[in-house]
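Participant: How does the following fold in three dimensions:
(2 chains)
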Amino acid sequence: MIAISVDPPSDSESLRQSQGYTFPILSDANEEVIRRWDLVHAHGRHDGADISRPAEFLIDSSGKIRWVNLTDDFVVRARPEEALAAFDAMNGSSRPGE
Amino acid sequence: MRRSWNWAVWAGVVLVVAGILSYPLYCVRFPALRDFPWVNLPLIVFGLALLAVGVVRAFRQPELHRGKIFGTVLAMLSLALSGVFLYGIFIGARHILPASHGAPRVGQVAPNFTLPDSRNSPLNLTDVLTSAFAPNGAIGTGTAAERTAGVVLIFYRGYW
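Facilitator: Residues are numbered from 1 along each chain as shown, chains lettered A, B, ... in the order given. Below is the predicted model:
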């Protein structure tokens, strides 16, 4: 599991430590990747800055996208079970330490 | 005869305010309560009903119940606040996010990228997908037998 936002690395590091997250949190402060993936939420932040929209992708080891969740409702977000179900569907029944 | 302080009006206001504030302060933490305002909607509806009862009796029996003026004002305010809240949840929330028609789709190859992680070490998507991983999620530390089966990539709004 890898997370990406526009937050600077130092903010993400505080988040990892305070929440005990072990997965990497990447910083796309200039929205290069977020823009290339067409996920920019223009002026989405309270101060008018561009940020990422919520989006989740499952990518297999060959780099192919196997599941996408692009919510169109701001209050409805992907649940962990949805990603796990997609993972199981990709892998048969095995679920090696996601 | 001393007129009552019309508890229905005040209880109604408290329920409406609690119904609205509990959403950002409490319900958002639970997916089921966030996706649909199961807690908030009943509180708001019940609060508005109590307000209506309070205002109606203030007008019908002004000799018994206070609240013709403040009851009406509070009822209108509560109705307006509830309207804004419910509009935001049910209608506004569906018009906030961009459509992202150009986002990668199922079956396509994920565009590769390299970005700094929270300790400023660059991380490359293809490297992660082709490397071994440890069960705790740390990348590149597992044995070759534990090949990466895939990656769940999560774009999020950030904390600010």
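
Participant: Give me the distance between the residue nearest to residue A:25 when sequence neighbours are not counted and residue B:120.
Facilitator: In this structure, residue A:25 finds its nearest non-sequential neighbour in residue A:12, 3.9 Å apart by C-beta to C-beta, 6 or more residues apart in numbering or on different chains. C-beta coordinates here come from the backbone N, C-alpha and C atoms, glycine included. Distance, residue A:12 to residue B:120, using C-beta to C-beta, to the nearest Å: 10 Å.

Participant: higher neighbour count, those two?
Facilitator: Neighbours per residue (other C-beta atoms under 10 Å in any protein chain shown) separate residue A:12 from residue B:120, with residue A:12 holding more: 24 against 11.

Participant: Quick check, pLDDT for the more buried one.
Facilitator: The predicted local confidence for residue A:12 comes out at a pLDDT of 95.

Participant: now swap in residue A:90 and tell me
Facilitator: Listed pLDDT for residue A:90 reads 86.

Participant: repeat for residue B:147
Facilitator: Reported pLDDT for residue B:147: 65.

Participant: Next: residue A:97.
Facilitator: If you check residue A:97, the pLDDT there is 48.

Participant: Residue B:126 contacts residue A:63, correct?
Facilitator: Yes: under the criterion of C-beta atoms under 8 Å, residue B:126 lies in contact with residue A:63, with a separation of 6.5 Å.

Participant: Between the two, point out the one with more neighbours.
Facilitator: Under the neighbour definition other C-beta under 10 Å, residue B:126 and residue A:63 were set side by side, and residue A:63 has more, 17 against 12.

Participant: Return the helix or strand of chain A with the lowest mean pLDDT as PDB; C-alpha atoms alone will do.
Facilitator: When each helix and strand of chain A is scored by mean pLDDT, DSSP states H and E, helix A:80-91 comes last, with a mean of 88. The C-alpha coordinates for helix A:80-91 follow below in PDB (Å, rounded to 0.1, in the frame of the first residue of the first chain):
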ATOM      1  CA  PRO A  80     -10.800  -1.200   3.200                       C
ATOM      2  CA  GLU A  81     -13.000  -4.300   2.400                       C
ATOM      3  CA  GLU A  82     -13.500  -3.000  -1.200                       C
ATOM      4  CA  ALA A  83      -9.700  -2.900  -1.800                       C
ATOM      5  CA  LEU A  84      -9.200  -6.300  -0.100                       C
ATOM      6  CA  ALA A  85     -12.000  -7.800  -2.200                       C
ATOM      7  CA  ALA A  86     -10.300  -6.500  -5.300                       C
ATOM      8  CA  PHE A  87      -7.000  -7.900  -4.100                       C
ATOM      9  CA  ASP A  88      -8.500 -11.300  -3.500                       C
ATOM     10  CA  ALA A  89     -10.100 -11.300  -6.900                       C
ATOM     11  CA  MET A  90      -6.700 -10.600  -8.400                       C
ATOM     12  CA  ASN A  91      -4.900 -13.200  -6.400                       C
END
